[in-house]
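Peer 1: The amino acid sequence is not available; the structure is as follows:
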């Protein structure tokens, strides 16, 4: 890992850069067991650059699938449920180790995104949102990331003069667009939100208090979220997969305890009950793999059993309801029989 590590921007590759939570989890566990500071430092630096980069949705929360550049600034704009679940857990672990609020905040915003935009009325979690969408500035065409991009003009029109100054400096907003790379020519005159300057640097430049800048930027992002809600969203892959829901159930359960948010536990329980009702054959004691539009189907695979059982363990630890432990045992017995 040390050999592959990118000390400039974190991560373990040059480009494209995929966030790989299993790597982070391994390194955090290694640090926890051995005290190897370098293992922790590699992960924390990576998480900070990811959270500041364009791979993170600064307006609505959630991570895009990967970045096309070394600095995590230009994403492939697709969003996957499994990334949200696994990265929420990684940021929760980083918070537990460091007690730094910045990591807890990212985890909380991931959960906000999933519960707002990726949750079915029945409680299951959808699979993904597409990268392409209708361009709000040119509705006759569809392009990569259009839902997430901003012109300098719109930001200046939506925000007050002072607020726009802070925002432009913070996120490197330019009239010509700010994408460091644009091989397909899709980002001309458009801006990807990524952090160019820290809160302290913004406060220093404009000779104001850090708290003022922080509040102003938060309010500005809220205004942009309201504007963005009026845009046509990217296509939603609304199938519900047991395996990815298992990951999300576990993350929400852990988040409910670590972030002291009972609403996350409610969402985890609702998803687990939905799967038990709609995707579990009580006669055969077997899982189906997927659900969509009122129909479940396909035999459950190994990852469906493993990830759901793991999520049920986390759910049991969060609420101590023996129902989850009992079901996890039955699923594990069936998993051994089948696989």
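Peer 2: Now that the structure is in, tell me what you want to look at. Keep in mind that what you see is a predicted model, and the values were worked out from it rather than measured. Numbers count the residues shown, from 1 in each chain.
Peer 1: Tell me which stretches of this protein form strands.
Peer 2: In the chain, the segments counted as strands under DSSP state E are 66-67, 75-76, 79-80, 128-129, 132-135, 138-144, 236-237, 240-241, 280-281, 286-292, 295-299.
Peer 1: how about the helices in the protein?
Peer 2: For the chain, the helices defined by DSSP state H cover 21-34, 37-52, 81-98, 101-117, 152-158, 161-171, 199-205, 210-228, 242-258, 262-278, 302-319, 322-338.
Peer 1: from the chain's centre, how far out does the second one sit?
Peer 2: Helix 37-52 has its C-alpha centroid displaced from the chain centroid by 16 Å (CA atoms, centre = their mean, to the nearest Å).
Peer 1: Now it: buried residues?
Peer 2: 39-40, 42-52 (16 or more other CB atoms under 10 Å). Heads up, the C-betas are built off the backbone N, CA and C, glycines and all.
Peer 1: likewise the longest one?
Peer 2: By neighbour count on 16+ other CB under 10 Å, the buried set for helix 210-228 is 213, 216, 217, 220, 221, 223, 224, 228.
Peer 1: How much space separates the first one from residue 161?
Peer 2: The gap separating residue 213 from residue 161 is 15 Å, by CB to CB, to the nearest Å.
Peer 1: Over to the third one?
Peer 2: Plainly put, residue 217 is 15 Å away from residue 161 if you go by CB to CB.
Peer 1: Likewise for the second one?
Peer 2: According to CB to CB, residue 216 stands 12 Å off from residue 161.
Peer 1: Buried deepest among the strands of the chain, which one?
Peer 2: For these, the largest average neighbour count (mean count of other CB atoms under 10 Å) is found in strand 240-241, namely a mean of 26.
Peer 1: Show me what that strand is in contact with.
Peer 2: 81, 120, 124, 125, 126, 127, 279, 289, 290, 291, 292, 304 (CB atoms under 8 Å, 6 or more residues apart in numbering).
Peer 1: Would you reformat those residues as TSV and include distance to residue 65?
Peer 2: What follows is those, written out as TSV (distance: CB to CB, whole Å):
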residue	distance to residue 65
81	11
120	21
124	21
125	16
126	15
127	12
279	25
289	22
290	20
291	23
292	21
304	22
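Peer 1: Greatest separation within the residues you listed: which pair is it?
Peer 2: 120 and 304 (17.5 Å; CB to CB).
Peer 1: Pick out whichever of those two has more residues nearby.
Peer 2: Set residue 120 next to residue 304 and count neighbours by other CB atoms under 10 Å: residue 304 wins out with 26 against 15.
Peer 1: can you tell me the distance between the two ends of stretch 202-209?
Peer 2: By CA to CA, to the nearest Å, the extent of stretch 202-209 from end to end equals 9 Å.
Peer 1: Return the set of buried residues in it.
Peer 2: For stretch 202-209, a neighbour-count test (16+ other CB under 10 Å) marks 202, 203 as buried.
Peer 1: likewise stretch 63-83?
Peer 2: The neighbour-count check on stretch 63-83 (16+ other CB under 10 Å) flags 63-83 as buried.
Peer 1: For that stretch, the averaged confidence score.
Peer 2: Stretch 63-83 shows a mean pLDDT of 97.
Peer 1: next one: stretch 47-58
Peer 2: Rounded mean pLDDT across stretch 47-58 is 98.
Peer 1: ok, now stretch 242-249?
Peer 2: Per-residue pLDDT over stretch 242-249 has a mean of 98.
Peer 1: So what touches it?
Peer 2: With contacts defined as CB under 8 Å, 6+ apart, stretch 242-249 is touched by 81-82, 84-86, 114, 124-125, 127, 268, 271-272, 275, 279, 287-290, 300-301, 303-304, 306-312, 314-315.
Peer 1: rerun that using 7 Å as the cut-off
Peer 2: 81-82, 85-86, 114, 124-125, 127, 268, 271-272, 275, 279, 287, 289, 300, 303-304, 307-308, 310-311, 315 (CB atoms under 7 Å, 6 or more residues apart in numbering).
Peer 1: same thing with stretch 21-38?
Peer 2: 1-2, 12, 39-40, 42-43, 86-87, 89-90, 93, 97.
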